[in-house]
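> return atomic coordinates for the entry below.
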Amino acid sequence: MLNYIFYRAYLAYEKKKESGLYSATMYCCAICVVLFMPILGLADLILGYGHKHKTEVGIVYFTLTPLLTFFYYYRRKNLKKLINKYRSSPYNKIIPSWLFFLGIPIAAVIGIGGYAWISITFRPDR
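The predicted structure is shown next:
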């Protein structure tokens with residue numbers, strides 16, 4: 001699904017004469033960072049709340065997630081593969097482009113909500 005979001009964001013940015021590859025890649029990086037935030041909640045559970053390496057885990061997460069996403073989507077080879085795969089998708093005519101830009105708010109609700117739920121529900125002092 002993220003591949004298709006990248007493809008549609010790429011087309012939308014290219015249509016506006018902006019750098020589609022860079023902008024769509026950064027957009028997917030932002031989605032991944034907020035969507036996978038429950039991983040930080042799981043790290044809290046595993047390491048224990050107040051653990052001295054909690055900051056390092058956060059730094060690794062907020063560095064590694066965008067880097068992996070960036071290096072995956074910023075390759076021309078992957079771009080050509082995604083364009084060929086989704087060029088004839090039936091969803092291209094059904095789903096409007098503006099709908100894909102709701103990805104970050106939706107991912108933020110899911111990711112931050114999941115992090116908060118894990119942090120509150122499984123807190124050891126409860």
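> can you tell me the centre-most residue of the protein?
With distances taken as Cα atoms, centre = their mean, the residue of the chain nearest its centroid is C32 (1.7 Å).
> what's whichever helix or strand W117 is part of in contact with?
When elements are assigned from DSSP states H and E, W117 belongs to helix 103-121. Contact partners of helix 103-121, identified using Cβ atoms under 8 Å, 6 or more residues apart in numbering, comprise 5, 27, 30-31, 33-38, 40-42, 44-45. Using the backbone N, CA and C atoms, a C-beta is placed for each residue, glycine as well.
> now with 10 Å, please.
With contacts defined as Cβ atoms under 10 Å, 6 or more residues apart in numbering, helix 103-121 is touched by 1-2, 5-6, 8-9, 27-28, 30-45, 49, 126.
> counting neighbours, which of those end up buried?
Buried members of these, scored by 16 or more other Cβ atoms under 10 Å, are 5-6, 8-9, 27-28, 30-41, 43-44.
> now do the residue nearest to the centre of the chain, the pLDDT please.
We have a pLDDT of 91 for C32.
> measure it to L79 for me?
17 Å (Cβ to Cβ, to the nearest Å).
> ditto for L102
In this view, L102 and L79 are 23 Å apart by Cβ to Cβ.
> the more surrounded of the two?
The residue with more neighbours, out of L102 and L79, is L79; 18 against 9, by other Cβ atoms under 10 Å.
> which ones are touching the more buried one?
Listed by Cβ under 10 Å, 6+ apart, the contact partners of L79 are F6, Y7, Y10, G20, L21, A24, T25, Y73.
> next, F101: secondary structure please.
Put simply, F101 is helix when judged by DSSP: H, G, I helix; E, B strand; the rest coil.
> that one and A9 touch, don't they?
Yes: using Cβ atoms under 10 Å, F101 is in contact with A9, at 7.5 Å.
> name the residues contacting each of those two.
With Cβ under 10 Å, 6+ apart as the test, F101 and A9 both reach Y27.
> which SS class is F71?
Going by three-state DSSP, the secondary structure assigned to F71 is helix.
> make that L40, sorry
The assignment at L40 comes out as helix when based on three-state DSSP.
> where do the helices of this structure begin and end?
2-15, 20-35, 38-47, 54-73, 76-86, 91-94, 103-121 (DSSP state H).
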